[in-house]
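Asker: model this:
(chains A, B, C and D)
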Number of protein chains: 4
Amino acid sequence: MAGNSFGQLFRITTFGESHGEAIGVIIDGCPSNLDIDMDFIQAELDKRKPGQSKITTQRKESDTVQILSGVFEGKTTGTPIAMIIPNEDQRSKDYSHIKDAYRPSHADYTYDAKYGHRDHRGGGRSSARETAARVAAGAIAKLLLAHNGIEIFGHVSAVGKIDAPHLTLNSVSELLEIRESNIVRCADPATANEMIELIDGIRKEGDTVGGKISCIVKNCPVGLGEPVFDKLHADLGKAMLSINAVHGFDYGSGFEGSEMRGSEHNDLFIPPADGKVSENFKTVTNYSGGIQGGISNGMDITFRVAFKPVATIMQNQQSLDSSGNASNVQGKGRHDPCVVPRAVAIVEAMAALVLADHLLRNRVIRL
Amino acid sequence: MAGNSFGQLFRITTFGESHGEAIGVIIDGCPSNLDIDMDFIQAELDKRKPGQSKITTQRKESDTVQILSGVFEGKTTGTPIAMIIPNEDQRSKDYSHIKDAYRPSHADYTYDAKYGHRDHRGGGRSSARETAARVAAGAIAKLLLAHNGIEIFGHVSAVGKIDAPHLTLNSVSELLEIRESNIVRCADPATANEMIELIDGIRKEGDTVGGKISCIVKNCPVGLGEPVFDKLHADLGKAMLSINAVHGFDYGSGFEGSEMRGSEHNDLFIPPADGKVSENFKTVTNYSGGIQGGISNGMDITFRVAFKPVATIMQNQQSLDSSGNASNVQGKGRHDPCVVPRAVAIVEAMAALVLADHLLRNRVIRL
Amino acid sequence: MAGNSFGQLFRITTFGESHGEAIGVIIDGCPSNLDIDMDFIQAELDKRKPGQSKITTQRKESDTVQILSGVFEGKTTGTPIAMIIPNEDQRSKDYSHIKDAYRPSHADYTYDAKYGHRDHRGGGRSSARETAARVAAGAIAKLLLAHNGIEIFGHVSAVGKIDAPHLTLNSVSELLEIRESNIVRCADPATANEMIELIDGIRKEGDTVGGKISCIVKNCPVGLGEPVFDKLHADLGKAMLSINAVHGFDYGSGFEGSEMRGSEHNDLFIPPADGKVSENFKTVTNYSGGIQGGISNGMDITFRVAFKPVATIMQNQQSLDSSGNASNVQGKGRHDPCVVPRAVAIVEAMAALVLADHLLRNRVIRL
Amino acid sequence: MAGNSFGQLFRITTFGESHGEAIGVIIDGCPSNLDIDMDFIQAELDKRKPGQSKITTQRKESDTVQILSGVFEGKTTGTPIAMIIPNEDQRSKDYSHIKDAYRPSHADYTYDAKYGHRDHRGGGRSSARETAARVAAGAIAKLLLAHNGIEIFGHVSAVGKIDAPHLTLNSVSELLEIRESNIVRCADPATANEMIELIDGIRKEGDTVGGKISCIVKNCPVGLGEPVFDKLHADLGKAMLSINAVHGFDYGSGFEGSEMRGSEHNDLFIPPADGKVSENFKTVTNYSGGIQGGISNGMDITFRVAFKPVATIMQNQQSLDSSGNASNVQGKGRHDPCVVPRAVAIVEAMAALVLADHLLRNRVIRL
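Answerer: Numbers count the residues shown, from 1 in each chain, chains lettered A, B, ... in the order given. Alright, predicted model coming up:
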């Protein structure tokens, strides 16, 4: 069973290769009567698109999205929403040199072994270009979440060994303004400058570097998540791990929490001021990351995503061709020295898709 | 849509509450003609069962599994395999004190908010007792994997801040022997002693501590994993994150890999000795953790799972009842000071379920 | 991918063979807080159970159902509901004569060819005994539907060439009373007598006969059904065709409708008495069978199910063994001369499962 | 959960409205290395397209299909295949008169009630135009089946009360030649003439008429079908019932079989000529329609599909607007007097999709 669909009730299916005609996505299950803001969708795509700054790939793609179905007179109709993004800057010849060589730590070898017939141009289906379709679908999920008051904010919290301080408690709109004011998309301006300097230096060396994205979901209602397998954080984890180059995910206290004791880790409840049941019970700390037993508890949902360094480097590397003969590869195309600035939009999109799906799933449970 | 099923082609559905009649699991999709070794299944359950040692809960459950269907004359028939494990030591009265109090960092509050009618005895469905059903199903998945030569080995690689050294290259049977020679299930005997001492001390304080489990899959064939969403590591991640108390997952280089450069992180191919195509292409390093582009590459698959400290502590904690009134809770039942020694069997079981599913999914792809 | 689950949001998975330990079913997705009436569930099973009358098999099964999980203090908790029905009267020796012979028009040959290892006792998984699990699950679906005012009524509308007249417009409770007053479960008493006489004669000849069940769903809300593939009648059709011995399904005007003209077949709307929008728009005729474009329109949903004659006859038949040698088989067990009287409960159960599923699916669509 | 996907392993998702930009389909799960014959795909679409003859609608659509992904150098790559068919002849103004009127026996009322926001142009998503996407996907399924030697043949076996005689035992290619030699697509030339005369007369009256399509699948291997719910005929039934205007489905002996006795209905085995196990065991009769216990037995698979008369007639009909006021509607667009000649391609396509899916599902079962 092929794995190009994600979600149960708000379900997307993506298609398309890096250098084919177009990439795209079908959303099946979006509720009807949702207002579609095309400018917002395009703005989301612009955050992921190549060529934004000196620290991203210089491939030129306008990533202009077109809606083919499911929207009528500016509103969703409840039928499948098909969106396509034509591929424009398809310099396939950039890739002819790797037709017969497996790039190290890429998917060339595994795709060839699995399928036996591979579109080698730019990685074909394994290219991160596919994630543009996710961002388009995620933008519609965000519109649905916004309709329900839910906000998502991600930013670059680490590049290599440079870590940003924990987020201060600004509003999402304030955080967004800070983040978008620098090309690395870190919500701490001082750290952002350090990160940019690091990436630019690494780029000049023809090398790449990894990083981390931290994400927060605000105003999530209590009750999202379907035990025991489709726990909210399990679906978030799968969503993040399905993004190209992601090697790790944790939420709440995460890996650090595994070094703690229960007496310090437990999130104690705050008694409601008036001694009565408020809408949500709050906790003093939030090591649970907004999720307990796989179900959202109304506190902020927090998680981190770790990205490995981009595998394509501008340095000469030893490799093999499909016959097992030694060959050399060296990146000639237009590649990112660090993927995380552009990946913020992808992380937010996948989080939005998970939350939209669970929002719909949660509505059917209780008599 | 409720979330009590896992897998697509080797698909399990678990049921049961901590203090109900029984827990159990249905496997739909297990191939026919697989020899079922009941002793092996029971031995796997024994590694997870309570009351094994001084550092586990003293709840008494024999966890005796019974197969109701799908097996005839010792072999699977291709029809659904139903397995049940009766609950024996159901001291429900241990929990009457929490009927009206939400235990901190437990699922009491979220289940009540979501479902509005909760089996509060021992956590009900949110109890880790449910994982016994996963271990039973995982044992059958392991038999299927063994039939295909695939081996899985997990061990406790950290308790609190105590880390075990990286595994040396023993065989899985040797590693298993070392691991099972100590009650904390660490494959390094010296570290095991430190861990046991730490846990025992914490237990005496009425506190708990988190830890990590590292897992390796050997002899996985090339080609498992279904891009772009059902990447092998994404499904492993979801599987692990669905286990009670898990807060983090990474594979291969993981979180550390996000601090590295591409030039050091890329796994270079080893030219085949005879200059010809061997069955699998090997790599010098394995930062990819045996998976590239979401598809296994034939190298060892490696991943880590981080567990938070158990929330139930034997210390007095402030809480709230369902009306928002302050109340106190203190663990009175029989609980684990550290969950990881018993969780090794669960991690292996979930890994086996993911691999069995992808083994079946992979067979249908290529003409 | 094995096919032992049915439904998306109200999802059942059945297990069990005719002569194994037990059969059973898991319901995943039943809303919480539903009152569970065990007497009602058992009464539904009693309508399907063997040994009811002279025109059914004399196998003795009390078909006593036990709930293992998902219900607490008489209400559903939103967790999986596991139900088991032990097999009691397992005269496996009745089947030793067919261990090596394929009964004509049974599933013996196809199961053997597909799985290569078959539980031959009483047909194993292919036995209609599996449908008892469906009836148990369907009873809970009926409780959910009753909570929403929806009623289902099926009856035997044909045995062999004997057809019952169209149902008169009694209430479901009146129809039920008439139907249950005769052992063939036809809502027309005069026809019922003819049918019973026919079946009894055929039984004495050691032969069997087919028949039809007609079913009506009353008070179905407008809007159930998910185009374009999960149309309400398409899911009803699949549900019915999945029942043992069913060879045909139609709804509304059905096969007869294909002989009509549009000008006579179209269901004209009845203008609301007061000229204003009423809750549902009614139509003069109901050739649409309560479903238009795959979505319920608020009129009665009507459909028919055609059952072939039971394949096991008490006459000597030529057959083959698994080596292709000619052999003879003759029914020795306890079999039904006509399956439709007992199948009414199965048809209603499957209809209830489809409607419960679509009721839950419909709730998430519209903003 | 929206219902725009069909199949498990060979899974399609369709999108698009009658008068939007385009309709299309994504196939996820098609094996790699399948040769794609674009001429064949287009020829299949041409059999369904409007404007073929005097007895079909005169809407002009070239129905030119374009593949956007999943095919490289003429072969499938194992990644999703996206196909789009632009809408060309969108005379939306033809439908302005029904913006506020619900056409009798159409989906206008139910879509409006369900979604609350409807693309009323030409029926929007409820239009049979969506089936062009199915035919495109079905053509690729047919290529996969042909690769496995499986053939599908459907033809118009009834129009109104005119029935064609049973098919004689020609080869599929001979049957195809006869069928395509007449515009009603009946494999019996004499009956075809009667049918055409009937339809043409009805068309002149501004009326419509229903009909039936009979279909046969040859060379299906033994073993396809997944009990107990995903029986081969149950999935075929759902597939057919999901086609616009279909009101009934039966297979093998079908509705007529329900009037028969077991002793005449049972399909006796033919002893293999040499007394040894041949590949498939054949039967004397084929009342089982090639499927026993939900699993193909190697005999021809036979089924029938009943279509109601098209609801849009050129006569004046009383209706209601969305406010419940009486209004009149009269078809002004370009509509079919009888849908079955064009629906043959759709029936075959859906059958191909079901068989391709089950072919892939069957490969994973047996050790």
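Asker: host element of the closest residue to A:Q292 other than its chain neighbours?
Answerer: Take A:Q292 and drop its neighbours on the chain: the residue closest to it by CB to CB, 6 or more residues apart in numbering or on different chains is B:T110, 4.8 Å away. Every residue, glycine included, has its C-beta placed from N, CA and C. Per DSSP states H and E, B:T110 falls inside helix B:108-115.
Asker: rewinding a little: thought A:P221 was touching the residue nearest to A:Q292, still the case?
Answerer: No. With contact defined as CB atoms under 8 Å, B:T110 does not count as touching A:P221 (11.3 Å).
Asker: quick one, which of those two is more surrounded?
Answerer: Neighbours were counted for B:T110 and for A:P221 using other CB atoms under 10 Å in any protein chain shown; B:T110 has more, 28 against 17.
Asker: Need the mean per-residue confidence for the helix holding B:T110.
Answerer: Across helix B:108-115, the average pLDDT comes to 94.
Asker: Same question for stretch A:239-257.
Answerer: Per-residue pLDDT over stretch A:239-257 has a mean of 98.
Asker: so does it get close to chain B?
Answerer: Yes. Counting by CB under 8 Å from any CB of the partner chain, chain B has neighbours in stretch A:239-257: A:L241, A:S242, A:H247, A:G248, A:F249, A:D250, A:Y251, A:G252, A:S253, A:G254, A:F255, A:G257.
Asker: Could you do stretch A:298-311 as well?
Answerer: Yes. With CB under 8 Å from any CB as the measure, stretch A:298-311 is seen reaching chain B through A:A306, A:F307, A:K308, A:P309, A:V310, A:A311.
Asker: Give me the contacts around the helix or strand bottoming out on mean pLDDT in chain A.
Answerer: Ranked by mean pLDDT, DSSP states H and E, the weakest helix or strand in chain A is strand A:326-329, scoring a mean of 86. Here strand A:326-329 makes contact (CB atoms under 8 Å, 6 or more residues apart in numbering or on different chains) with A:97-98, A:100-101, A:103-104, A:316-321, B:271.
Asker: so which residue of the stretch 201-350 of chain A comes closest to chain B?
Answerer: A:G293 (2.3 Å; CB to the nearest CB).
Asker: what about that residue, neighbour count?
Answerer: 26.
Asker: got the residue ranges for the strands in the stretch 1-150 of chain A?
Answerer: A:5-6, A:11-15, A:22-28, A:66-69, A:71-72, A:75-76, A:81-86, A:101-102 (DSSP state E, counting those that start in this stretch).
Asker: by contact count, what packs against the helix or strand that the least confident helix or strand of chain A is followed by?
Answerer: Remark: after strand A:326-329, the chain's next helix or strand is helix A:340-362, criterion DSSP H and E. Judged by 3 or more CB pairs under 8 Å, 6 or more residues apart in numbering or on different chains; DSSP states H and E, helix A:340-362 is in contact with helix A:38-48, helix A:131-147, strand A:151-159, strand A:211-218, helix A:232-241, strand A:301-307.
Asker: Recalculate using a threshold of 6 Å.
Answerer: Under the contact definition 3 or more CB pairs under 6 Å, 6 or more residues apart in numbering or on different chains; DSSP states H and E, helix A:340-362 sits against helix A:38-48, helix A:131-147, strand A:151-159, strand A:211-218, helix A:232-241.
Asker: among the ones you listed, which is the most enclosed?
Answerer: Stretch with highest mean neighbour count among the helices and strands packed on helix A:340-362: helix A:232-241 (a mean of 30; mean count of other CB atoms under 10 Å in any protein chain shown).
Asker: Now do it and helix B:108-115, the angle between them.
Answerer: 90 degrees (axes from the mean of the first three to the mean of the last three CA atoms, to 10 degrees).
Asker: All good on my end, thank you.
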